[in-house]
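In: heads up, no residue letters with this:
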C-alpha cells in the first residue's frame, strides 16, 4: 500500500521542517524568573533551569532589580524576563518604581545575557579565557624553571 503525497501534505511537511530546523536558531533564550516566587533566582546568581526560549516577538532579555528604601531590610527583588524592546541608548538605567523602591533595569540581546547585572555575556568568556591563559603561562614558567 503506497501513500500518496499531495500538495497540502508537502506544505505541511515543509512548515514543520522550517519550524524544527530554522526557528530554534532564531529564537532568543533568556532567564525567566522572579525572586519573590523562585528561591534560586537571586541578584547575581540564577539557576540554569530558568533559561528558556522566548517568543519570536521578544528578541531581547531584561532584568529588573528592585531596592526597597522604606524598609530596614537590605532585600532586593529580581525579575528576569524576555523583552519585546529595549532602551537603545543605555544598557542599564535606574528609575523610581512606585513610592517605595528604586528600579535598576538592564536590557540586552543574546542568549542568557540577563543572568548578571554587571557583566555582558561575552565578557564572561573573555574573563574565563584570560584566567586560563594566566594559568597556562604560570605553569609554563614554573615547569621551565
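Out: Nice, I can see it. Keep in mind it's a predicted model, so treat the numbers as computed, not measured.

In: drop to CA atoms for contacts and neighbour counts, all remaining ones
Out: OK.

In: show me what contacts the spatially closest residue to residue 55 that is not a sequence neighbour?
Out: Among residues not flanking residue 55 along the chain, residue 27 sits closest, at 7.1 Å (CA to CA, 6 or more residues apart in numbering). Residue 27 makes contacts with 53-56, 59, as judged by CA atoms under 8 Å, 6 or more residues apart in numbering.

In: ditto for residue 34
Out: 41, 77-80.

In: List the beta-bridge partners for it.
Out: residue 79 (DSSP bridges).

In: cool, residue 95 as well?
Out: Counting by DSSP bridges, the residues bridging with residue 95 are residue 103.

In: next one: residue 66
Out: Beta-bridge partners, per DSSP bridges, of residue 66: residue 77, residue 103.

In: From residue 94, how far off is it?
Out: Noted for residue 66: a distance of 10 Å to residue 94, by CA to CA, to the nearest Å.
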